[in-house]
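>>> Output the structure for:
(one chain, ligands or ions: 2)
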Amino acid sequence: MDLIALDAQFHHERQCLRSFFRGISRSRNGQQSLGAMWLFLYSFYCCWHGTPDAVSLRKPKLGDNEMAKPGPITVCVINLKGGVGKSTITALLSRYAFNSRGKDVLAIDLDPQANLSQGLMHQSYSTFIAQQGGTIVEVFNDFLPPKPGSGGTQPLTADAVTELILESGDRRLDLIPSRFDFSDALTNAVRPDPRILAKFLSKNFKSKDLILIDCAPTESVFTTAAYHASDYVLIPVRPEFFATIGFPLLAESLANFQRRNKAHAIEVAGVVINNAFYHGGNDGGPEKARAMASIKQECATHGWHIFSKQMYHSRGYPKLMRGDYRYSGDANLFWTFAQEFFDHIGL
Ligand SMILES: Nc1ncnc2c1ncn2[C@@H]1O[C@H](COP(=O)(O)OP(=O)(O)OP(=O)(O)O)[C@@H](O)[C@H]1O
Ligand SMILES: [Mg+2]
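Ligands and ions are numbered 1, 2, ... in the order given. So this is what the prediction gives:
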């Protein structure tokens, strides 16, 4: 387990101990004893069970019981505005769920820019591309192309399109990578089946705990494919000028999907504020305040939750994304959001 993720885990225990000692000092002042007793008991409860600060969205699924594993929670990370941190957040949530929550995780790169693939695979990505490894392109084609001596096309298998990023015991952080010519699928005359990804995941990845999908900033058949595969939507936003320009479009795209797929329960898990100026100082000043007001107003219109933990601007993010934990500065605040997010969706 990496030290940074371990530190995030301890952050929670530190908060619990803090409230425990706050309880002791209150009782020493002799304000009351019954209230302090409750505070002690509550602190111990939090240490062992986690703070019930967020209402868990996790819905029991058919077949949920103590014996049967209910199958993965699938979250797509999306905003139709570019550069807001979708790929960074997908990579870091994947790493956190694997390292600190002990989960079996699959990350999927659904963007031809392949930033998530480059972030998680780092230096091995160029070798992987040179060796023509299997990607999300093959998932949408539903077959493996011929290789020298392979005897023509082959049936698609999960192993052929999955890259191992981290492993511990029988748990893995796997990735279905992307590549630049993925966008060709959009220009082809025959539109790919938007249900193909959901079918592929339900056939091959039922035993995973978590599937995270990094979406492209433009709406396409792949956005619909991500919705078909997902339980939840996570929306990163930068508190800047025109921050919410993509929100109405996203709300409409989700509403259209829900209208056409009434049996599919998909929910916005929430909006996360990312790249929110520098930590401390005037906290972004009037520019951020204006953007936050518009974000709050838009979220209230659509009934979207806003996560309380914000991620500030830090040069540590690209480093953390590729698993380099040597010096990450304020990017370490990410782990407190990750904790809040996974508590919220009940993972
Ligand atoms: N909190 C942050 N502080 C500093 N830099 C950040 C932060 N979050 C993301 N970045 C940087 O901003 C750039 C865009 O982030 P990222 O690629 O994750 O956004 P994106 O929404 O996936 O973009 P696109 O829409 O192009 O897919 C990257 O260089 C990333 O390292
Ligand atoms: Mg991206």
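
>>> hey, where'd the strands end up in this structure?
73-77, 105-110, 163-168, 171-176, 210-215, 232-237, 267-273 (DSSP state E).

>>> neighbouring strands for the first one, and are they parallel or not?
Strand 73-77 has the following strand partners under DSSP bridges: strand 210-215 (parallel), strand 232-237 (parallel).

>>> most packed of those strands?
Of those, the one with the most neighbours on average (mean count of other Cβ atoms under 10 Å) is strand 210-215, at a mean of 26. C-beta here means a position set from N, CA and C on the backbone, and glycine is covered the same way.

>>> Name the surrounding residues that touch that strand.
72-78, 86-87, 90-91, 93-94, 97, 103-111, 115-116, 201, 205, 222-223, 226, 229-230, 347 (Cβ atoms under 8 Å, 6 or more residues apart in numbering).

>>> Write out the residues of the protein neighbouring ligand 1.
82-88, 111, 113, 115, 217, 274-275, 311, 313-314, 317-318 (Cβ under 6 Å from any ligand atom).

>>> What subset of those is buried?
Neighbour-count burial (16 or more other Cβ atoms under 10 Å) applied to the residues of the chain next to ligand 1 gives 84-88, 111, 113, 115, 217, 274-275, 311, 313-314, 317.

>>> Looking at these, which one is closest to ligand 2?
Ser87 (3.3 Å; Cβ to the ion).

>>> TSV for the strands paired with strand 73-77, including mean pLDDT and distance to Ser328?
Below are the strands paired with strand 73-77 laid out as TSV (pLDDT from 0 to 100; distance: least, Cβ to Cβ, whole Å):
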stretch	mean pLDDT	distance to Ser328
strand 210-215	98	20
strand 232-237	98	18
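
>>> Would you mind reformatting the ones you listed (as JSON lines) and adding columns for distance to ligand 2 while you're at it?
Converted to JSON lines, these look like this (distance: least, Cβ to the ion, whole Å):
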{"stretch": "strand 210-215", "distance to ligand 2": "6"}
{"stretch": "strand 232-237", "distance to ligand 2": "10"}
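
>>> Would you format these as JSON lines with distance to His302 included?
As requested, these are exported to JSON lines (distance: least, Cβ to Cβ, whole Å):
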{"stretch": "strand 210-215", "distance to His302": "18"}
{"stretch": "strand 232-237", "distance to His302": "10"}
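
>>> Mind pulling the model confidence for Cys47?
In this model, Cys47 is scored at 41, pLDDT.

>>> what does the stretch 51-200 of the chain have sitting close to ligand 2?
Residues of the stretch 51-200 of the chain found near ligand 2 (Cβ under 5 Å from the ion) are Lys86, Ser87, Asn115.

>>> Apply 8 Å and report the result again.
Selection of the stretch 51-200 of the chain residues close to ligand 2 by Cβ under 8 Å from the ion yields Gly82, Gly83, Lys86, Ser87, Thr88, Thr90, Asp111, Gln113, Asn115, Leu116.

>>> So which of these are in helices?
If you go by DSSP state H, these have Lys86, Ser87, Thr88, Thr90, Asn115, Leu116 in helices.

>>> residues in contact with the fifth one?
Spelled out, it's Asn115. Asn115 neighbours (Cβ under 8 Å, 6+ apart): Ser87, Asp109, Asp214.

>>> circling back: can you put the residues of the stretch 51-200 of the chain next to ligand 2 in TSV and add pLDDT?
Converted to TSV, these look like this (pLDDT from 0 to 100):
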residue	pLDDT
Gly82	94
Gly83	94
Lys86	98
Ser87	98
Thr88	97
Thr90	98
Asp111	96
Gln113	95
Asn115	97
Leu116	98
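
>>> Among these, which one lies nearest to Phe140?
Of all those, Phe140 sits closest to Asp111, with 13.2 Å by Cβ to Cβ.

>>> how near is the closest one to Gln154?
Distance, Asp111 to Gln154, using Cβ to Cβ, to the nearest Å: 26 Å.

>>> do the same with Asp231
Going from Asp231 to Gln154 by Cβ to Cβ gives 31 Å.

>>> before we move on, what about Tyr312?
Counting by Cβ to Cβ, the gap from Tyr312 to Gln154 is 47 Å.

>>> higher neighbour count, the two?
For Tyr312 versus Gln154, neighbours defined as other Cβ atoms under 10 Å are more numerous around Tyr312 (20 against 14).

>>> my guess is that one contacts Tyr278, does it?
Yes - shown here, Tyr312 and Tyr278 form a contact pair, counting by Cβ atoms under 8 Å, at 6.1 Å.

>>> can you list residues touching both of those two?
Common contact partners of Tyr312 and Tyr278 (Cβ under 8 Å, 6+ apart): Asp330.

>>> Please name the residues that touch the residue in the stretch 101-250 of the chain positioned nearest to ligand 1.
Residue of the stretch 101-250 of the chain nearest ligand 1, by Cβ to the nearest ligand atom: Pro217 (3.5 Å). Listed by Cβ under 8 Å, 6+ apart, the contact set of Pro217 reads Asn79, Leu80, Lys81, Gly82, Gly83, Val84, Lys86, Asp111, Gly246.
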